[in-house]
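Q: Okay, sequence plus prediction incoming.
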Amino acid sequence: DGGITQSPKYLFRKEGQNVTLSCEQNLNHDAMYWYRQDPGQGLRLIYYSQIVNDFQKGDIAEGYSVSREKKESFPLTVTSAQKNPTAFYLCASSIAELVHTDTQYFGPGTRLTVL
Amino acid sequence: LAKTTQPISMDSYEGQEVNITCSHNNIATNDYITWYQQFPSQGPRFIIQGYKTKVTNEVASLFIPADRKSSTLSLPRVSLSDTAVYYCLVGGKLIFGQGTELSVKP
């Protein structure tokens, strides 16, 4: 089956610890994205990558880091510098060949709770 | 950037047709309009995409007037399972606003 997987589904961490969220896709998509969603709010873009070994900051990149060493993988690290990391994190991918019609495919999400 | 405006919430009853309108006054000439649906604790999923006039698939219809400054997502005969948040996006812009929370009641 083709799709996007995120792990783990639920994640707990202590304040001050870094944590890495996994995102893998087997859709052969070039572009990948990370969003954050807070209760009752829309999605906010953290980072995105349009090609391997390249990525750009989104609207709320502070306190987060990413890497894109492989086409299939785009892990997100939530660092201790992120002041309010408790949220629902969504990963997505897209073909990104035609910008004006680009459609994103989302993973199931990871719910991070800082204790 | 083309900003979109949608109602924050809508209520409906099972079996009714629901129309959700999105305003996008600054849409660019080449931009398509895309709608996504999101259930609680899940990622959004693609519903429909269009450029002008009308597009229909097995799930919904999308109506876009000639000036393309707005679009209307139409859900025929909604059921309880259509309760979700619906997002309107323009072009390839990675901007998900607050969306429209649709509540379908029995």
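A: Okay, I see it.
Q: Check the secondary structure at B:G97 for me.
A: Classification of B:G97 using DSSP: H, G, I helix; E, B strand; the rest coil returns coil.
Q: Around the residue of chain A at minimum distance from chain B, count how many other residues there are.
A: Proximity of chain A to chain B (CB to the nearest CB) peaks at A:F106, 2.8 Å away. From N, CA and C alone the C-beta is placed, and that goes for glycine too. Other residues near A:F106 come to 22 when the count uses other CB atoms under 10 Å in any protein chain shown.
Q: Give me the pLDDT for the spatially closest residue to A:K70 that is not a sequence neighbour.
A: Distances taken as CB to CB, 6 or more residues apart in numbering or on different chains put A:V52 closest to A:K70, at 6.7 Å, once the chain neighbours are dropped. Reported pLDDT at A:V52 in the predicted model: 94.
Q: wait, doesn't A:V52 sit right on A:F74?
A: No - using CB atoms under 8 Å, A:V52 makes no contact with A:F74, being 9.7 Å away.
Q: quick one, what contacts B:F96?
A: Going by CB atoms under 8 Å, 6 or more residues apart in numbering or on different chains, B:F96 touches A:35, A:42-44, B:36, B:44, B:87, B:89.
Q: which residues does the spatially closest residue to it that is not a sequence neighbour form a beta bridge with?
A: In space, B:F96 comes closest to A:L43 once its chain neighbours are excluded; the distance is 3.9 Å by CB to CB, 6+ apart. Going by DSSP bridges, A:L43 is paired in beta bridges with A:Q37.
Q: Contacts only, for the closest residue to chain A within chain B.
A: Of all residues in chain B, B:G43 sits closest to chain A, at 2.8 Å by CB to the nearest CB. Going by CB under 8 Å, 6+ apart, B:G43 touches A:4, A:90-92, A:106-109.
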